[in-house]
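[1] Sequence and computational prediction follow.
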Amino acid sequence: MASIPKPDELSKINYKPPRTGWMDTPVKFRPGTWCYGAKPKNLEAVGFPNPREWSPADEDWKLPDNWKEIILEGLRERLDRFRSLRIFMDICVRCGACADKCHFYIGSGDPKNMPVLRAELLRSVYRKDFTTAGKILGKFVGARELTEDVVKEWFYYFFQCTECRRCALFCPYGIDTAEITIIARELLNLLGCNIDWIAGAVANCYRVGNHLGIPPHAFKDMIEFCVDEIENLTGIKVEPTFNRKGAEVLFIAPSGDVFADPGTYTLMGYLMLFHEIGLDYTWSTYASEGGNFGLFTSHEMMKRLNAKMYAEAERLGVKWILGGECGHMWRVVHQYMDTMNG
(Lines give C-alpha, C1' and ligand atoms only; values in the text may rest on other atoms or scores of the structure.)
Protein backbone atom coordinates (compact mmCIF):
# COMPACT_ATOMS: atom_id res chain seq x y z
CA MET A 1 0.00 0.00 0.00
CA ALA A 2 0.91 3.62 -0.32
CA SER A 3 1.82 5.60 2.81
CA ILE A 4 -1.02 5.35 5.30
CA PRO A 5 -2.55 8.63 6.52
CA LYS A 6 -2.79 9.29 10.24
CA PRO A 7 -6.05 8.32 12.02
CA ASP A 8 -7.19 11.91 12.42
CA GLU A 9 -6.83 12.41 8.66
CA LEU A 10 -8.83 9.29 7.88
CA SER A 11 -11.64 10.33 10.22
CA LYS A 12 -12.35 13.54 8.29
CA ILE A 13 -14.97 12.19 5.90
CA ASN A 14 -16.75 14.82 3.83
CA TYR A 15 -20.00 13.74 2.17
CA LYS A 16 -20.46 17.03 0.35
CA PRO A 17 -20.05 16.38 -3.39
CA PRO A 18 -17.48 18.41 -5.35
CA ARG A 19 -18.53 21.54 -7.21
CA THR A 20 -17.69 20.02 -10.57
CA GLY A 21 -19.64 17.25 -12.28
CA TRP A 22 -18.33 13.73 -11.94
CA MET A 23 -16.97 13.64 -15.50
CA ASP A 24 -15.03 16.85 -14.85
CA THR A 25 -13.64 15.83 -11.46
CA PRO A 26 -10.21 14.23 -11.98
CA VAL A 27 -9.09 11.29 -9.87
CA LYS A 28 -6.41 11.97 -7.27
CA PHE A 29 -4.17 9.14 -6.19
CA ARG A 30 -3.87 10.26 -2.59
CA PRO A 31 -1.57 8.36 -0.19
CA GLY A 32 -3.35 5.47 1.49
CA THR A 33 -5.98 5.11 -1.24
CA TRP A 34 -4.22 2.90 -3.78
CA CYS A 35 -2.29 -0.38 -3.87
CA TYR A 36 0.95 -1.11 -5.70
CA GLY A 37 0.73 -2.26 -9.31
CA ALA A 38 1.20 -5.93 -10.15
CA LYS A 39 4.81 -7.09 -10.35
CA PRO A 40 5.96 -8.37 -13.76
CA LYS A 41 6.84 -11.83 -12.40
CA ASN A 42 3.28 -12.36 -11.16
CA LEU A 43 1.69 -11.37 -14.47
CA GLU A 44 4.17 -13.53 -16.36
CA ALA A 45 3.43 -16.53 -14.12
CA VAL A 46 -0.18 -16.67 -15.33
CA GLY A 47 0.42 -15.41 -18.86
CA PHE A 48 -1.23 -12.01 -18.42
CA PRO A 49 -0.37 -9.24 -20.89
CA ASN A 50 1.97 -6.25 -20.56
CA PRO A 51 4.10 -7.26 -17.55
CA ARG A 52 6.29 -4.30 -16.50
CA GLU A 53 7.52 -2.32 -13.55
CA TRP A 54 5.07 0.50 -12.88
CA SER A 55 3.23 2.39 -10.17
CA PRO A 56 -0.25 3.98 -10.12
CA ALA A 57 1.48 7.15 -8.92
CA ASP A 58 3.46 7.37 -12.20
CA GLU A 59 2.40 9.77 -14.92
CA ASP A 60 3.16 7.16 -17.58
CA TRP A 61 1.53 3.78 -16.95
CA LYS A 62 3.38 2.16 -19.89
CA LEU A 63 0.20 1.01 -21.61
CA PRO A 64 0.37 -0.83 -24.96
CA ASP A 65 0.32 1.43 -28.03
CA ASN A 66 -3.10 0.10 -29.06
CA TRP A 67 -4.54 0.17 -25.55
CA LYS A 68 -7.79 1.86 -26.60
CA GLU A 69 -8.48 -0.72 -29.28
CA ILE A 70 -7.78 -3.50 -26.75
CA ILE A 71 -10.26 -2.08 -24.24
CA LEU A 72 -13.08 -1.44 -26.72
CA GLU A 73 -12.70 -4.82 -28.39
CA GLY A 74 -12.61 -6.47 -24.97
CA LEU A 75 -15.80 -4.67 -23.96
CA ARG A 76 -17.48 -5.61 -27.24
CA GLU A 77 -16.61 -9.26 -26.71
CA ARG A 78 -18.00 -9.25 -23.17
CA LEU A 79 -21.21 -7.48 -24.17
CA ASP A 80 -21.79 -10.27 -26.69
CA ARG A 81 -20.81 -12.99 -24.23
CA PHE A 82 -22.64 -11.83 -21.10
CA ARG A 83 -26.27 -10.88 -21.63
CA SER A 84 -26.41 -9.72 -18.01
CA LEU A 85 -23.72 -7.10 -18.68
CA ARG A 86 -25.63 -5.56 -21.58
CA ILE A 87 -28.77 -5.46 -19.45
CA PHE A 88 -26.91 -3.84 -16.53
CA MET A 89 -25.49 -1.24 -18.91
CA ASP A 90 -28.97 -0.21 -20.08
CA ILE A 91 -31.49 -0.47 -17.24
CA CYS A 92 -30.05 1.57 -14.34
CA VAL A 93 -32.30 4.57 -13.50
CA ARG A 94 -29.80 6.12 -11.01
CA CYS A 95 -32.25 5.94 -8.11
CA GLY A 96 -29.34 5.80 -5.66
CA ALA A 97 -30.81 3.01 -3.51
CA CYS A 98 -27.38 1.40 -3.50
CA ALA A 99 -25.41 4.53 -2.53
CA ASP A 100 -25.25 4.29 1.25
CA LYS A 101 -24.96 0.48 1.17
CA CYS A 102 -21.33 0.57 0.03
CA HIS A 103 -18.71 0.60 2.79
CA PHE A 104 -16.27 2.33 0.45
CA TYR A 105 -18.64 5.26 -0.05
CA ILE A 106 -19.46 5.38 3.66
CA GLY A 107 -15.76 5.29 4.52
CA SER A 108 -14.61 7.81 1.93
CA GLY A 109 -17.48 10.17 1.15
CA ASP A 110 -16.36 10.02 -2.49
CA PRO A 111 -19.44 10.04 -4.79
CA LYS A 112 -17.63 7.85 -7.33
CA ASN A 113 -17.60 5.08 -4.72
CA MET A 114 -21.38 4.95 -4.82
CA PRO A 115 -22.10 1.70 -6.69
CA VAL A 116 -24.40 3.56 -9.08
CA LEU A 117 -21.64 6.00 -10.03
CA ARG A 118 -18.85 3.43 -9.98
CA ALA A 119 -20.83 1.49 -12.60
CA GLU A 120 -21.34 4.73 -14.52
CA LEU A 121 -17.57 4.95 -15.01
CA LEU A 122 -17.86 1.95 -17.34
CA ARG A 123 -21.38 2.67 -18.56
CA SER A 124 -20.37 6.10 -19.90
CA VAL A 125 -17.77 4.52 -22.21
CA TYR A 126 -20.29 1.88 -23.26
CA ARG A 127 -22.75 4.64 -24.20
CA LYS A 128 -20.21 6.54 -26.26
CA ASP A 129 -19.01 3.61 -28.35
CA PHE A 130 -21.91 1.15 -28.34
CA THR A 131 -25.14 3.20 -28.41
CA THR A 132 -26.54 5.46 -31.12
CA ALA A 133 -27.66 8.11 -28.64
CA GLY A 134 -24.20 8.27 -27.10
CA LYS A 135 -22.47 8.56 -30.46
CA ILE A 136 -24.74 11.46 -31.50
CA LEU A 137 -25.44 13.32 -28.26
CA GLY A 138 -22.30 12.51 -26.27
CA LYS A 139 -22.07 14.00 -22.81
CA PHE A 140 -25.72 15.12 -22.93
CA VAL A 141 -26.76 11.47 -22.48
CA GLY A 142 -23.90 10.54 -20.15
CA ALA A 143 -21.43 9.34 -22.78
CA ARG A 144 -17.71 10.13 -22.76
CA GLU A 145 -14.54 9.32 -24.64
CA LEU A 146 -12.21 6.59 -23.44
CA THR A 147 -8.94 8.27 -22.43
CA GLU A 148 -5.93 7.35 -20.32
CA ASP A 149 -7.43 9.39 -17.49
CA VAL A 150 -10.54 7.22 -17.68
CA VAL A 151 -8.39 4.08 -17.44
CA LYS A 152 -6.70 5.51 -14.34
CA GLU A 153 -10.10 6.37 -12.88
CA TRP A 154 -11.28 2.80 -13.49
CA PHE A 155 -8.20 1.43 -11.74
CA TYR A 156 -8.66 3.72 -8.75
CA TYR A 157 -12.33 2.98 -8.16
CA PHE A 158 -12.88 -0.57 -9.42
CA PHE A 159 -10.12 -1.87 -7.17
CA GLN A 160 -11.84 -0.21 -4.22
CA CYS A 161 -14.86 -2.50 -4.69
CA THR A 162 -14.64 -5.81 -2.81
CA GLU A 163 -17.48 -7.38 -4.85
CA CYS A 164 -19.46 -8.04 -1.67
CA ARG A 165 -22.75 -7.55 -3.62
CA ARG A 166 -24.50 -5.70 -0.80
CA CYS A 167 -25.52 -3.04 -3.29
CA ALA A 168 -27.19 -5.68 -5.48
CA LEU A 169 -29.49 -6.67 -2.60
CA PHE A 170 -30.94 -3.16 -2.50
CA CYS A 171 -31.17 -2.50 -6.24
CA PRO A 172 -34.84 -2.52 -7.34
CA TYR A 173 -33.73 -3.77 -10.77
CA GLY A 174 -31.39 -6.43 -9.41
CA ILE A 175 -28.28 -4.92 -11.00
CA ASP A 176 -25.22 -6.74 -9.69
CA THR A 177 -22.54 -4.06 -9.55
CA ALA A 178 -20.01 -6.70 -8.50
CA GLU A 179 -20.40 -8.25 -11.96
CA ILE A 180 -19.69 -4.84 -13.48
CA THR A 181 -16.58 -4.60 -11.30
CA ILE A 182 -15.41 -8.03 -12.52
CA ILE A 183 -15.79 -6.95 -16.15
CA ALA A 184 -13.99 -3.65 -15.56
CA ARG A 185 -11.09 -5.47 -13.92
CA GLU A 186 -10.97 -7.92 -16.82
CA LEU A 187 -10.59 -4.97 -19.17
CA LEU A 188 -7.86 -3.45 -17.01
CA ASN A 189 -6.06 -6.80 -16.93
CA LEU A 190 -5.95 -6.74 -20.73
CA LEU A 191 -3.60 -3.76 -20.30
CA GLY A 192 -1.60 -5.35 -17.46
CA CYS A 193 -3.20 -3.07 -14.87
CA ASN A 194 -3.75 -5.14 -11.73
CA ILE A 195 -2.73 -4.70 -8.11
CA ASP A 196 -0.03 -6.90 -6.63
CA TRP A 197 -2.13 -7.82 -3.61
CA ILE A 198 -4.34 -9.74 -6.04
CA ALA A 199 -1.85 -10.67 -8.78
CA GLY A 200 0.66 -12.11 -6.30
CA ALA A 201 -1.97 -14.31 -4.65
CA VAL A 202 -3.27 -15.48 -8.04
CA ALA A 203 0.26 -16.37 -9.22
CA ASN A 204 0.95 -18.33 -6.02
CA CYS A 205 -2.31 -20.23 -6.29
CA TYR A 206 -1.72 -21.05 -9.94
CA ARG A 207 1.80 -22.25 -9.17
CA VAL A 208 1.41 -24.32 -5.98
CA GLY A 209 -2.32 -24.45 -5.22
CA ASN A 210 -2.82 -21.76 -2.58
CA HIS A 211 -2.63 -17.98 -2.34
CA LEU A 212 0.26 -17.91 0.12
CA GLY A 213 2.58 -20.09 -1.93
CA ILE A 214 2.79 -22.81 0.74
CA PRO A 215 4.42 -25.94 -0.77
CA PRO A 216 2.81 -29.36 -0.12
CA HIS A 217 5.14 -30.49 2.68
CA ALA A 218 4.75 -27.18 4.56
CA PHE A 219 0.96 -27.32 4.19
CA LYS A 220 0.95 -30.81 5.72
CA ASP A 221 3.19 -29.60 8.57
CA MET A 222 0.78 -26.78 9.38
CA ILE A 223 -2.20 -29.15 9.62
CA GLU A 224 -0.19 -31.50 11.83
CA PHE A 225 0.77 -28.58 14.08
CA CYS A 226 -2.96 -27.97 14.65
CA VAL A 227 -3.41 -31.68 15.37
CA ASP A 228 -0.75 -31.42 18.10
CA GLU A 229 -2.44 -28.34 19.56
CA ILE A 230 -5.77 -30.16 19.72
CA GLU A 231 -4.17 -33.09 21.52
CA ASN A 232 -2.49 -30.74 24.01
CA LEU A 233 -5.83 -29.07 24.73
CA THR A 234 -8.20 -32.06 24.72
CA GLY A 235 -6.06 -35.18 24.97
CA ILE A 236 -7.70 -36.46 21.77
CA LYS A 237 -5.59 -37.34 18.73
CA VAL A 238 -7.39 -36.50 15.49
CA GLU A 239 -6.02 -38.22 12.40
CA PRO A 240 -6.48 -36.31 9.14
CA THR A 241 -5.32 -37.91 5.89
CA PHE A 242 -3.67 -36.30 2.88
CA ASN A 243 -4.13 -37.07 -0.82
CA ARG A 244 -6.01 -40.28 0.06
CA LYS A 245 -7.82 -41.84 -2.85
CA GLY A 246 -11.31 -43.22 -2.27
CA ALA A 247 -12.32 -40.86 0.54
CA GLU A 248 -15.94 -39.73 0.41
CA VAL A 249 -15.16 -36.02 0.85
CA LEU A 250 -12.35 -33.75 -0.30
CA PHE A 251 -12.13 -30.94 2.24
CA ILE A 252 -10.60 -27.66 1.10
CA ALA A 253 -10.17 -24.66 3.41
CA PRO A 254 -9.02 -21.13 2.54
CA SER A 255 -5.29 -20.73 3.19
CA GLY A 256 -5.97 -18.06 5.84
CA ASP A 257 -7.35 -20.83 8.08
CA VAL A 258 -4.11 -22.76 7.72
CA PHE A 259 -1.70 -19.88 8.06
CA ALA A 260 -2.92 -17.16 10.40
CA ASP A 261 -4.88 -16.48 13.57
CA PRO A 262 -7.78 -16.44 14.17
CA GLY A 263 -8.27 -18.73 11.17
CA THR A 264 -6.16 -21.49 12.74
CA TYR A 265 -8.76 -21.81 15.51
CA THR A 266 -11.41 -22.30 12.83
CA LEU A 267 -9.20 -25.00 11.32
CA MET A 268 -8.91 -26.79 14.64
CA GLY A 269 -12.69 -26.62 14.87
CA TYR A 270 -12.97 -28.36 11.48
CA LEU A 271 -10.62 -31.10 12.60
CA MET A 272 -12.43 -31.71 15.89
CA LEU A 273 -15.88 -31.69 14.26
CA PHE A 274 -14.90 -34.14 11.53
CA HIS A 275 -13.31 -36.43 14.12
CA GLU A 276 -16.43 -36.32 16.28
CA ILE A 277 -18.86 -37.17 13.46
CA GLY A 278 -16.52 -39.69 11.83
CA LEU A 279 -16.44 -37.97 8.46
CA ASP A 280 -14.62 -39.91 5.74
CA TYR A 281 -12.57 -37.06 4.29
CA THR A 282 -9.12 -36.17 3.06
CA TRP A 283 -7.05 -33.04 2.45
CA SER A 284 -5.19 -32.31 -0.76
CA THR A 285 -1.72 -30.77 -0.57
CA TYR A 286 -2.04 -29.74 -4.23
CA ALA A 287 -5.51 -28.19 -4.26
CA SER A 288 -4.91 -26.67 -0.85
CA GLU A 289 -6.80 -23.40 -1.35
CA GLY A 290 -10.55 -22.93 -1.30
CA GLY A 291 -10.53 -19.19 -1.79
CA ASN A 292 -10.36 -17.88 -5.33
CA PHE A 293 -8.70 -14.54 -6.04
CA GLY A 294 -9.48 -15.19 -9.69
CA LEU A 295 -12.91 -13.80 -8.78
CA PHE A 296 -11.16 -10.45 -8.30
CA THR A 297 -9.30 -10.75 -11.60
CA SER A 298 -11.31 -12.26 -14.48
CA HIS A 299 -13.75 -15.03 -15.31
CA GLU A 300 -10.97 -16.91 -17.08
CA MET A 301 -8.61 -16.72 -14.08
CA MET A 302 -11.41 -17.72 -11.74
CA LYS A 303 -12.00 -20.82 -13.86
CA ARG A 304 -8.30 -21.69 -14.02
CA LEU A 305 -7.92 -21.57 -10.22
CA ASN A 306 -11.17 -23.41 -9.60
CA ALA A 307 -10.19 -26.16 -12.02
CA LYS A 308 -7.51 -27.48 -9.64
CA MET A 309 -10.20 -28.35 -7.07
CA TYR A 310 -12.30 -30.15 -9.64
CA ALA A 311 -9.31 -32.01 -11.12
CA GLU A 312 -8.09 -33.08 -7.69
CA ALA A 313 -11.56 -34.34 -6.74
CA GLU A 314 -11.55 -36.46 -9.90
CA ARG A 315 -8.00 -37.71 -9.26
CA LEU A 316 -8.81 -38.79 -5.71
CA GLY A 317 -12.19 -40.24 -6.68
CA VAL A 318 -14.18 -38.43 -3.98
CA LYS A 319 -17.95 -37.94 -4.09
CA TRP A 320 -18.09 -34.46 -2.63
CA ILE A 321 -16.07 -31.28 -2.31
CA LEU A 322 -16.59 -29.58 1.06
CA GLY A 323 -15.34 -26.03 1.58
CA GLY A 324 -14.30 -24.08 4.64
CA GLU A 325 -15.57 -20.64 5.60
CA CYS A 326 -14.65 -18.21 2.82
CA GLY A 327 -16.84 -15.68 1.03
CA HIS A 328 -15.23 -15.86 -2.39
CA MET A 329 -14.86 -19.63 -2.15
CA TRP A 330 -18.58 -19.96 -1.46
CA ARG A 331 -19.53 -17.69 -4.32
CA VAL A 332 -17.32 -19.39 -6.91
CA VAL A 333 -18.28 -22.92 -5.86
CA HIS A 334 -22.02 -22.26 -5.62
CA GLN A 335 -22.53 -19.80 -8.46
CA TYR A 336 -19.87 -20.59 -11.05
CA MET A 337 -18.25 -23.99 -10.53
CA ASP A 338 -20.84 -26.19 -12.19
CA THR A 339 -21.01 -23.96 -15.28
CA MET A 340 -17.23 -23.66 -15.50
CA ASN A 341 -16.54 -27.40 -15.21
CA GLY A 342 -19.65 -28.86 -16.82
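    Great, that's in hand.
[2] And the strands in the stretch 151-300 of the chain?
    In the stretch 151-300 of the chain, the strands defined using DSSP state E, counting those that start in this stretch lie at 249-252, 281-282.
[3] neighbouring contacts of the shortest one?
    Yep, that's strand 281-282 we're talking about. With contact meaning CB atoms under 8 Å, 6 or more residues apart in numbering, strand 281-282 is reached by 240-244, 247-251, 274, 316, 318, 322. Where you see a C-beta, it was placed from the backbone N, CA and C, and this is true even at glycine.
[4] what lines up beside it in the sheet?
    strand 249-252 (parallel) (DSSP bridges).
[5] how distant is the partner strand from the center of its chain?
    23 Å (CA atoms, centre = their mean, to the nearest Å).
[6] Let me see the mean pLDDT of that strand.
    Averaging pLDDT along strand 249-252 yields 96.
[7] just to revisit the earlier point, which one (most neighbours) among the contacts of strand 281-282?
    Within the contacts of strand 281-282, most neighbours by other CB atoms under 10 Å means Leu250, with 26 neighbours.
[8] Could you pull up the residues touching the nearest residue to it once chain neighbours are set aside?
    Of all residues not flanking Leu250 in the chain, Val318 sits nearest, at 4.3 Å (CB to CB, 6 or more residues apart in numbering). Counting by CB under 8 Å, 6+ apart, Val318 makes contact with 247-250, 282.
[9] What is the nearest of the residues you listed to Pro31?
    Comparing the contacts of Val318 against Pro31 with CB to CB places Leu250 closest, at 44.1 Å.
[10] ok, the closest one to Gly294 distance?
    Distance, Leu250 to Gly294, using CB to CB, to the nearest Å: 19 Å.
[11] Likewise for Thr339?
    Counting by CB to CB, the gap from Thr339 to Gly294 is 14 Å.
[12] neighbour count winner among these two?
    Between Thr339 and Gly294, counting by other CB under 10 Å, Gly294 is the more crowded of the two (26 against 8).
[13] right, and that one touches Lys308 too?
    No - between Gly294 and Lys308 there is no contact under CB atoms under 8 Å: 10.7 Å.
[14] Burial check on Met309, number of neighbours?
    Met309, neighbours per other CB under 10 Å, totals 26.
[15] contacting residues around it?
    Listed by CB under 8 Å, 6+ apart, the contact set of Met309 reads 250, 252, 287, 290, 321, 333, 337.
[16] One more: Glu163?
    Contacts of Glu163 (CB under 8 Å, 6+ apart): 178, 181-182, 295-296, 328.
[17] now, which of the contacts of Met309 lie within helices?
    Among the contacts of Met309, the ones falling in helices (DSSP state H) are Met337.
[18] export the contacts of Met309 to TSV and tack on distance to Met302?
    Output for the contacts of Met309, formatted as TSV (distance: CB to CB, whole Å):
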residue	distance to Met302
Leu250	19
Ile252	15
Ala287	15
Gly290	13
Ile321	16
Val333	11
Met337	10
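[19] circling back to that earlier point, distance of the residue nearest to Leu250 from Cys205?
    Taking CB to CB, one finds Val318 at 20 Å from Cys205.
[20] domains of this structure?
    For the chain, the TED database gives the domain ranges 7-194, 209-341.
[21] Mind checking the pLDDT average for the longest one?
    Meaning domain 7-194. Mean pLDDT, domain 7-194: 93.
[22] how distant is it from the center of its chain?
    Counting by CA atoms, centre = their mean, domain 7-194 is centred 14 Å from the centre of its parent chain.
[23] Any idea how far apart the tips of that domain sit?
    27 Å (CA to CA, to the nearest Å).
[24] Could you do stretch 135-148 as well?
    19 Å.
[25] Contact partners for Ala287?
    209, 250, 252, 308-309, 311-313.
[26] the helices in the stretch 201-342 of the chain, which residues?
    216-234, 255-259, 263-277, 299-316, 327-331, 337-341 (DSSP state H, counting those that start in this stretch).
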